[in-house]
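Visitor: whatever this is, show me its structure:
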Amino acid sequence: MPPNRFLILTADDFGLHESINEAVELASRSGSLSAASLMMGAPATADAVRRARELPGLRIGLHLVLTDGTPVLPPEEIPSLVNEQGRFRSNLFTNGTRYFLSLAARRQLEAEIRAQFEAFAATGLALDHVNAHNHFHSHPTVLGLMLRIGREFGLQAMRLPYEPSGRAGRLGWFGGLGGFAIKGWFQMMKRRLQYAGVLCNDWLYGIRHTGAMNESRLLERLRQLPLGVTEIYLHPATQSGAAIAHSMRDYQHLDELAALRSPRVRAAVSQLGIACGGYADLVHLNSQRYAA
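Guide: From the prediction side, this is the model:
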C-alpha cells in the first residue's frame, strides 16, 4: 500500500550546464535527490545523459523547453517559435497568446514537442515524468499536446505546478490572475490529468523560493510535509547565479546543492518516516495496491 506521505526531491534544468550536471550527480550519490528533469536541446545534455546512465537510482524525466532556451528542431522549421538568434522567445504571455491565435504556431509547437519526446526516447532512459521549463505546461494548448504526444512515449506522470503559497508572477503566461482564479485553474488541470490517467503530485514547493531553497527552508518544509504526494524542486549546481544563465543571476545554486547533501536533511527524512523516490516508484506502489 502506498505510504501516507511520499516525497519527490527533483532537480530541474538537468543538461543546461555541466555544473548543474555535476551537482545532480553529487546530490544523487551523496544526498537526498531522487529525480531530475532533463532538457533535450541544452548545451550540456549529452553530459547529463552520460551521468544519468551511471545513476540507476535517479529517476529521470523530460523537462520540456518551449521558452528561454534552445529548440531541438532547426530554427527554420519552427520560425513562429524562435527569435532571430534561433532561441525560443522568452515572453511567456506573448508566447501563450500566439499558441491560442496562430494555427501555424500550434503546428510548429506540436512538431517541437514531439521532437523533444523523441530525443528523450533515443537516450534509452526510462521516462519517470514530464514537466516544462517555466511551468509552461500549465498552458492548455501545451498541456493538450503533451498529453496526446506523451501517451505514445509512455507518459505516466506530470508535475502539477501549483504551490498554495507561491507567487502568481512565477506562473508565466497567466501570472496576472488572482490567487482564486489560479487555484481554480489548477484544479481543472488536475482533473484533466486524472481523466487522462496521468499521475501528478498533490503538493508542490519551490515556486515561492525558486533558486533559494536552502537547508533551513527545506528542513522547514519537511517538518510541515502534508499527507499525499509532495514534490519539491530545486536548482542545484556547483556554481551559482549568472555563471549558469543570465536569467538565473539571483539563484543560489550552491546553497540548494548544500541543502540536498545536508546530513540534517537526510536525518529529517529518516526520522519523520517519509517515503522518497520518483514518480515511477509511486506508479509501482499504486500498481501493487491494485494488484493486492
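Visitor: can we go C-alpha only for contacts and neighbour counts from here?
Guide: Fine.
Visitor: Leu81 contacts Leu109, doesn't it?
Guide: Yes. In this structure, Leu81 is within contact of Leu109 by C-alpha atoms under 8 Å, at 7.3 Å.
Visitor: who has more neighbours, the two?
Guide: Higher neighbour count among Leu81 and Leu109: Leu81, with 25 against 20, using other C-alpha atoms under 10 Å.
Visitor: contacts only, for the closest residue in space to Phe14 that isn't next to it in sequence.
Guide: The shortest distance from Phe14 to any non-neighbouring residue, by C-alpha to C-alpha, 6 or more residues apart in numbering, is to Leu38 (4.6 Å). For Leu38, the contact set (C-alpha atoms under 8 Å, 6 or more residues apart in numbering) comprises Asp12, Asp13, Phe14, Gly15, Thr45, Ala48, Ile60, Gly61, Leu62, His63, Leu64.
Visitor: max pairwise distance over those: which two?
Guide: Ala48 and Leu64 (15.0 Å; C-alpha to C-alpha).
Visitor: ok, those two, which is more surrounded?
Guide: Each of Ala48 and Leu64 has its neighbours counted (other C-alpha under 10 Å); Leu64 has more, 28 against 25.
Visitor: that one reaches His129, doesn't it?
Guide: No. At 10.6 Å, Leu64 does not count as touching His129 under the criterion of C-alpha under 8 Å.
Visitor: picking up where we left off before, closest to Gly211 out of the contacts of Leu38?
Guide: Comparing those against Gly211 with C-alpha to C-alpha places Asp12 closest, at 10.5 Å.
Visitor: you'd agree the closest one is up against Ala237?
Guide: No. Using C-alpha under 8 Å, Asp12 is not in contact with Ala237, being 10.4 Å away.
Visitor: more crowded one of the two?
Guide: Shown here are Asp12 and Ala237; by other C-alpha under 10 Å, Ala237 has more neighbours (31 against 24).
Visitor: just confirm the more buried one is within a helix.
Guide: No. Ala237 is assigned coil when assessed by DSSP: H, G, I helix; E, B strand; the rest coil, not a helix.
Visitor: measure the nearest residue to it once chain neighbours are set aside to Thr70 for me?
Guide: Excluding the flanking residues, the one nearest Ala237 by C-alpha to C-alpha, 6+ apart is Ile20, at 4.1 Å. Per C-alpha to C-alpha, to the nearest Å, Ile20 is found 17 Å from Thr70.
Visitor: more neighbours: which of those two?
Guide: Ile20 (27 against 22).
Visitor: residues contacting the more buried one?
Guide: Asp13, Phe14, His235, Pro236, Ala237, Thr238, Gln239.
Visitor: just Leu155 next, same as before
Guide: Applying C-alpha under 8 Å, 6+ apart, the residues contacting Leu155 are Leu127, Asp128, His129, Val130, Leu147, Val198.
Visitor: wasn't the fifth one part of a strand?
Guide: Okay, so that is Leu147. No. For Leu147, which was evaluated using three-state DSSP, the result is helix, with no strand membership.
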